[in-house]
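Student: Task: produce atomic coordinates for the following.
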Amino acid sequence: MKKKSIAMIMTVIMSLGVLTGCGNKEMQKQETKYGTNTEGKFVVGFDQEFPPMGFVGEDGEFTGFDLELAKEVATRLNLEFVPNPISWDAKDLELSSGTIDCIWNGFTMTGREEDYTFSKPYLNNRQVFVVKKDSNIQTLGDLQGKIIEVQTDSSAEAALNEKKELVSTFEKMQTVPDYNTAMMDLEQGAVDAIAMDEVVAAYQIQSREEMFQILEEEISSEAYAIGFLKGNSLLKENVEKVLYEMVEDGTMEKISQKWFGSDITTLK
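Tutor: Numbering: from 1, shown residues only. The predicted model follows:
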């Protein structure tokens, strides 16, 4: 009986030790100077197949609008910038396990507000239609009887699926695997318009010598923000502070001009 009691006491003590160790480890993550998981590093999770936000450039290096913003933030915080490509389906696991410090890659906060600690939105990404500049299509009403193309499983496709009345006026709505294919189809006259993210559209138009234009009327819109682990306000506040500094000194506008040809950011 006595041996059993001692064994039980030891088990409890060991359990408390394990719990305390876990707690200390968790506290250490939060006690880094800027709220990052690793002292001295800022690890950004992103989808490497989402130009112009984050992708692999022709030189084989990671690049993109979001990654350039993130790198500048890391530099100003005296942190090593570490871009970490992730499987988008595993983003929550990557964040909760501490593999990454944030999700920063055209990340829609709309509908996810309670799932993460978000920065203030820095982009308002609309779902829009792109047409050729010499097209007679100027409004959504002009799309009646036209062939529309959209990327499979994109935000634009999801938005149009909620606009059945509008879609019913099209002659046809078809999907393609990527926007490069869609832009070539539009250029060749195989389709009349493309439904797509405005940030992607602005990038694609800039790289094609402004052969195309974006219709003023939108399909829908969504806010882009940086997603941090729920409760990690320290890192969120440090990153936000630097972003506002970048707005004030013109760096944010400069980076936006580089990637989109205009300042489409929303932080003021």
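
Student: quick one, strands of the stretch 1-150 of the chain?
Tutor: 41-46, 49-50, 54-56, 62-63, 80-85, 102-103, 117-118, 123-132, 147-151 (DSSP state E, counting those that start in this stretch).

Student: Of these, which is nearest Glu237?
Tutor: strand 117-118 (9.7 Å; Cβ to Cβ). From N, CA and C alone the C-beta is placed, and that goes for glycine too.

Student: Paired strands for that closest one, with orientation please.
Tutor: Strand 117-118 sits in its sheet next to strand 227-228 (antiparallel), going by DSSP bridges.

Student: Give the rounded mean pLDDT of the strand it pairs with.
Tutor: When pLDDT is averaged over strand 227-228, the result is 98.

Student: Quick check: buried residues in the very next helix or strand once past it?
Tutor: Scanning forward in sequence from strand 227-228 by DSSP states H and E, the next helix or strand is helix 233-248. Of the residues in helix 233-248, Leu234, Leu235, Lys236, Asn238, Val239, Glu240, Val242, Leu243, Met246, Val247 count as buried by neighbour count, 16 or more other Cβ atoms under 10 Å.

Student: Render the CA-only coordinates of helix 233-248 in CSV, please.
Tutor: Below are the C-alpha coordinates for helix 233-248, written out as CSV (Å, rounded to 0.1, in the frame of the first residue of the first chain):
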residue,chain,number,x,y,z
SER,A,233,-0.9,39.9,-30.4
LEU,A,234,2.8,40.8,-29.7
LEU,A,235,4.0,39.7,-33.1
LYS,A,236,1.0,41.2,-34.8
GLU,A,237,1.5,44.6,-33.2
ASN,A,238,5.2,44.6,-34.0
VAL,A,239,4.6,43.8,-37.7
GLU,A,240,1.7,46.3,-37.9
LYS,A,241,3.9,49.1,-36.5
VAL,A,242,6.5,48.5,-39.2
LEU,A,243,3.9,48.4,-41.9
TYR,A,244,2.6,51.8,-40.9
GLU,A,245,6.1,53.1,-40.9
MET,A,246,6.4,51.8,-44.5
VAL,A,247,3.2,53.6,-45.4
GLU,A,248,4.5,56.9,-43.9
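
Student: hang on, the earlier thing: now pLDDT and distance to Leu123 too, for the buried residues of helix 233-248, in CSV please.
Tutor: Shown next, in CSV, are the buried residues of helix 233-248 (pLDDT from 0 to 100; distance: Cβ to Cβ, whole Å):
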residue, pLDDT, distance to Leu123
Leu234, 97, 23
Leu235, 98, 20
Lys236, 98, 17
Asn238, 98, 20
Val239, 98, 15
Glu240, 98, 14
Val242, 98, 17
Leu243, 98, 12
Met246, 98, 14
Val247, 98, 13
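
Student: deepest of the strands of the stretch 1-150 of the chain, which one?
Tutor: Ranked by mean neighbour count under mean count of other Cβ atoms under 10 Å, the strands of the stretch 1-150 of the chain are led by strand 102-103, which reaches a mean of 28.

Student: Tell me the helices and strands packed up against that one.
Tutor: With contacts taken as 3 or more Cβ pairs under 8 Å, 6 or more residues apart in numbering; DSSP states H and E, strand 102-103 sits against strand 41-46, helix 91-96, strand 227-228.
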